[in-house]
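Participant: Mind folding the following:
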Amino acid sequence: MKREEQNIKDTWKIEDLFSSDEVWEKDLERAISLLNEYPKYVGKISEDKENLLTYFKFNDEVNLLAERLYVYSNQKYHQDMANAKYQKYSGKAQKLVVDIGSASAFVEPELLSIDENTLLNWMEDERFADYRRYVSEVLRGKRHTLDEKTEEILAKSKRMANAADNIYAMYNGADIDFPIVTNSDGEEIKITHGNFVPILSGTDRELRKKAFHTLYDTYDKMKNTIAATFNANVEQACFYADVRGYSSSRAMYLDGSNVPESVYDNLIDTVHEHIHLMHRYVKMRKKALGVDELHMYDIYAPIVKTPEKKYTFDEAKDMVKAGLAPMGEAYLEKLQEGFDNRWIDVYENEGKRSGAYSWGAYGTHPYVLLNYQGTLDHVFTLAHEMGHALHSYYSDEAQSYINAGYKIFVAEVASTCNESLLIHDLLNKTEDDETKAYLINHFLEQFKGTLYRQTMFAEFEKITHSMVEKGGTLTSDILCKVYYDLNKFYFGDDIIIDDDIALEWARIPHFYNPFYVYQYATGISAAIALSRKIMEEGETGVKDYMKFLTGGGSKDPIDLLKLAGVDMTERKPIVQALKLFENLLDEMEMIIDDK
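Facilitator: Numbering: from 1, shown residues only. Prediction:
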């Protein structure tokens, strides 16, 4: 189906951002012209609080305009990625954002040049209420902020520093060419990024094996180049950490959200202490598949029958609403508002970006991109993305522009909490053993893929960045050994750790955004704890949860979760999540044994 053939009610209402491309182009010109205003504030914002307040409001205006321009251009691009017009729009918007960063690089050094007591005294003025959090964060980072000229150089160097990421993205996204394999019916299939995981999730074991080895054989041919690119990206991270006076690159990246490094270490240590559960899961999977040897290409293979039932999008919406009933009427009404007012781009069309996401700009409702196919998994995707959307909605509604954006550390909490509530509702209602087994397995797969796998990724980053910080160079041999050994530890003795898995690090683009992935694991732990609290405490639990949803970026993410009753500086939420994993494992083992 072509984009223009979509039923309009199934597409997002993009005109709520800009009524037309012509309006977007005019606002882009306006935003570019506003860049010329920044120099007049240089050296002035430290003179008196009126100048500073004027600058803050001006900067909000520019950044909000840029955000709207950026979101619109990219969402239009994602509707049909073959559309050259919106490719150009996206590039122009991205350049604008980079230019704003360079133009405003003077601000933090100049703020820090003001006597701290004087600055804090200015902040007592009620007109600065929206900016107190930002100023406190600038002061918190004082010892890591350099002089104005150096900050300007560092801002400009970011485009050069992104070279490793860009080179890898170009190779992995455009230049890599996987061979063709044949399935059990003799049909030829060309391996791609898009079909690799679906093949590994399929029932054709010989095809899984061929695809697995074929893909990693391709990476093996370029492993030294990819290792050099990986090493360069770690080097740039370590460079910025060193220049800014951080003890490590990890300390720098976690400091952005003021997350203690102990949270990262607690995650790894707690998962290590419960690694026997992952080993039990692997053993159960081996038994369920009925194989003499379990291999790494079997780790995604289905162990329960996928329900053939398909759900219309209207049925999916009703299921999600029923699952989220514990959240109360106010939340459900807002959910329905999103359903009724075209927040969602529902179906696939030619050229449309794959996958799903929620996104938006402050001052306009959030948007959700789907490629809905009617499966139970896609019902969960709807619940997940609407969790993101309503988190953004409530944050934007309650907070000023500068305080609305929440940190990545908590970004997956609301979405996963929604999934958890939905799955509990479906498990309680489902009498069909086949569907129940599928639901339990769905949850187990989440734990395997999110809590355990992302923690393994986090440990890989911790080890490799530390090596570079100690003066080492990450060669392909070193990276493969570290990664292979981690797989051996995480998956245990009931699976053959195929040599090829040692190269998996080479195909993970998240590693080029350092110390990001651990937040998936902490996020699912917090979400499980919150969903449990909501189900057990009812209205009281919801009330505490809403303090989190409306908090935006007004507090550190750790403190926002504490408002909802979850303390991620402790191991308790991770232990609770792993206890649920154990309970689900008990149930699944009983189902497998009864077969």
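Participant: Show me which helix runs longest in this structure.
Facilitator: In the chain, taking DSSP state H as the definition, the longest helix is helix 49-79.
Participant: looking at the protein, which helix or strand does the model trust least?
Facilitator: In the chain, no helix or strand scores lower on mean pLDDT, DSSP states H and E than helix 148-161, which sits at a mean of 86.
Participant: Just the buried residues of that one, please?
Facilitator: 148, 151-152, 154-155, 161 (16 or more other CB atoms under 10 Å). In this view, the C-beta of every residue, glycine as well, is placed from N, C-alpha and C.
Participant: List the contacts of that helix.
Facilitator: Residues from elsewhere that reach helix 148-161 (CB atoms under 8 Å, 6 or more residues apart in numbering): 98, 101-102, 105-106, 108-110, 145-146, 236, 239-240, 243.
Participant: Of those residues, keep whichever come out buried.
Facilitator: In those, the ones that pass as buried (16+ other CB under 10 Å) are 105-106, 108-110, 145-146, 236, 240.
Participant: Determine which two of these are furthest apart.
Facilitator: 110 and 236 (26.2 Å; CB to CB).
Participant: one step back: give me the subset of the contacts of helix 148-161 lying in strands.
Facilitator: Using DSSP state E, no member of those falls in strands.
Participant: Now, those that are in helices?
Facilitator: 98, 101-102, 108-110, 236, 239-240, 243.
Participant: I'd like the buried ones among the contacts of helix 148-161 written out as a markdown table, with pLDDT and distance to residue 26 added.
Facilitator: Putting the buried ones among the contacts of helix 148-161 into a markdown table (pLDDT from 0 to 100; distance: CB to CB, whole Å) gives the following:
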| residue | pLDDT | distance to residue 26 |
| --- | --- | --- |
| 105 | 90 | 27 |
| 106 | 92 | 28 |
| 108 | 92 | 31 |
| 109 | 90 | 34 |
| 110 | 93 | 32 |
| 145 | 87 | 36 |
| 146 | 87 | 37 |
| 236 | 96 | 37 |
| 240 | 96 | 37 |
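Participant: CSV please, covering these and showing distance to residue 281.
Facilitator: Compiled in CSV, these are given as follows (distance: CB to CB, whole Å):
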residue, distance to residue 281
105, 48
106, 53
108, 47
109, 51
110, 54
145, 46
146, 48
236, 37
240, 38
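Participant: Please enumerate the strands of the stretch 201-350 of the chain.
Facilitator: Taking DSSP state E, counting those that start in this stretch as the criterion, the stretch 201-350 of the chain carries its strands at 344-345.
Participant: show me the contacts for residue 355.
Facilitator: Residue 355 neighbours (CB under 8 Å, 6+ apart): 369, 371.
Participant: Return the set of buried residues in stretch 312-322.
Facilitator: Quick answer for stretch 312-322 (16+ other CB under 10 Å): 313, 316-317, 319-321.
Participant: picking up where we left off before, which residues sit against the following helix or strand past the least confident helix or strand of the chain?
Facilitator: Reading on from helix 148-161 to the C-terminus, the next helix or strand found by DSSP states H and E is helix 163-170. Contacts with helix 163-170, where a contact means CB under 8 Å, 6+ apart, come from 226, 229-230, 232-233, 236, 509, 512-513.
Participant: do the same with stretch 439-451
Facilitator: Contacts of stretch 439-451 (CB under 8 Å, 6+ apart): 271, 278, 281, 299, 303-304, 376-377, 380, 416, 419, 423, 426-427, 430, 520-521, 523-525, 574, 577-578, 581, 584-585, 587-588, 591.
Participant: Give me the buried subset of those.
Facilitator: Among these, those classed as buried by neighbour count (16+ other CB under 10 Å) are 271, 278, 281, 299, 303-304, 376, 380, 416, 419, 423, 426-427, 430, 520-521, 523-525, 574, 577-578, 581, 584-585, 587-588, 591.
Participant: So which of these belong to helices?
Facilitator: The helices, defined by DSSP H, take in 271, 278, 281, 376, 380, 416, 419, 423, 426-427, 520-521, 523-525, 574, 577-578, 581, 584-585, 587-588, 591 from those.
Participant: low-scoring stretches of the protein, by residue?
Facilitator: 595 (pLDDT under 70).
Participant: Residue 387 is in contact with residue 419, correct?
Facilitator: Yes: contact between residue 419 and residue 387 holds when scored by CB atoms under 8 Å: they sit 7.4 Å apart.
Participant: List the contacts of residue 39.
Facilitator: residue 103.
Participant: any idea how far it lies from residue 188?
Facilitator: With distances taken as CB to CB, to the nearest Å, residue 39 is found 60 Å from residue 188.
Participant: Ok, residue 149 next?
Facilitator: From residue 149 to residue 188 the distance is 59 Å (CB to CB).
Participant: which of the residues in the host helix or strand of residue 547 are buried?
Facilitator: Residue 547 is part of helix 539-549, with elements assigned from DSSP H and E. By 16+ other CB under 10 Å, the buried positions in helix 539-549 come out as 541-542, 544-549.
Participant: before we move on, the earlier item: pull the most distant pair out of the contacts of helix 148-161.
Facilitator: Using CB to CB, the two most remote members of the contacts of helix 148-161 are 110 and 236, lying 26.2 Å apart.
Participant: Looking at the buried residues of helix 148-161, spot the one nearest residue 68.
Facilitator: Distances from residue 68 to the buried residues of helix 148-161, taken by CB to CB, are shortest for residue 155, at 22.6 Å.
Participant: Isn't residue 24 up against residue 69?
Facilitator: Yes: at 6.5 Å, residue 24 and residue 69 qualify as touching, with contact defined as CB under 8 Å.
Participant: Between the two, tell me which one has more neighbours.
Facilitator: residue 69 (26 against 20; other CB atoms under 10 Å).
Participant: Report the separation between that one and residue 31.
Facilitator: Applying CB to CB to residue 69 and residue 31 gives a distance of 6 Å.
Participant: and residue 181, what element?
Facilitator: strand 180-182.
Participant: so what strands line up beside that strand?
Facilitator: With DSSP bridges as the test, strand 180-182 is paired with strand 188-190 (antiparallel).
Participant: If we go by neighbour counts, what in the strand it pairs with is buried?
Facilitator: Quick answer for strand 188-190: no buried residues (16+ other CB under 10 Å).
Participant: which helices and strands sit right next to the helix or strand following it?
Facilitator: Heading C-terminal from strand 188-190, the first helix or strand you meet, by DSSP H and E, is helix 193-200. The helices and strands touching helix 193-200, judged by 3 or more CB pairs under 8 Å, 6 or more residues apart in numbering; DSSP states H and E, are helix 205-221.
Participant: now the angle from the helix it packs on to helix 193-200?
Facilitator: Relative orientation of helix 205-221 and helix 193-200, computed by axes from the mean of the first three to the mean of the last three CA atoms, to 10 degrees: 140 degrees.
Participant: And for helix 205-221, what's in contact with it?
Facilitator: Applying CB under 8 Å, 6+ apart, the contact partners of helix 205-221 are 176-179, 181-184, 189, 191, 196, 199-200, 202, 226, 291, 295-298, 301, 498, 500-501, 503-504, 506-507.
Participant: repeat for stretch 114-127
Facilitator: With CB under 8 Å, 6+ apart as the criterion, stretch 114-127 contacts 46, 49, 52-53, 111, 128, 131-132, 135, 139.
Participant: what's the nearest residue to residue 563 once chain neighbours are set aside in contact with, if anything?
Facilitator: Closest residue to residue 563 apart from its sequence neighbours, by CB to CB, 6 or more residues apart in numbering: residue 547 at 4.1 Å. The neighbours of residue 547, taking CB under 8 Å, 6+ apart as the test, are 560, 563-564.
Participant: Could you check how far residue 547 is from residue 335?
Facilitator: 19 Å.
Participant: so residue 184 is in which element?
Facilitator: Using DSSP H and E, no helix or strand contains residue 184.
Participant: burial measure for the closest residue to residue 5 other than its chain neighbours, as a count.
Facilitator: Spatially, and ignoring its direct neighbours in sequence, residue 5 is nearest to residue 349 (7.2 Å; CB to CB, 6+ apart). Using other CB under 10 Å, residue 349 is surrounded by 17 other residues.
Participant: which stretches of the stretch 251-400 of the chain form helices?
Facilitator: Secondary structure of the stretch 251-400 of the chain (DSSP state H, counting those that start in this stretch): helices at 261-273, 275-289, 313-323, 329-340, 376-398.
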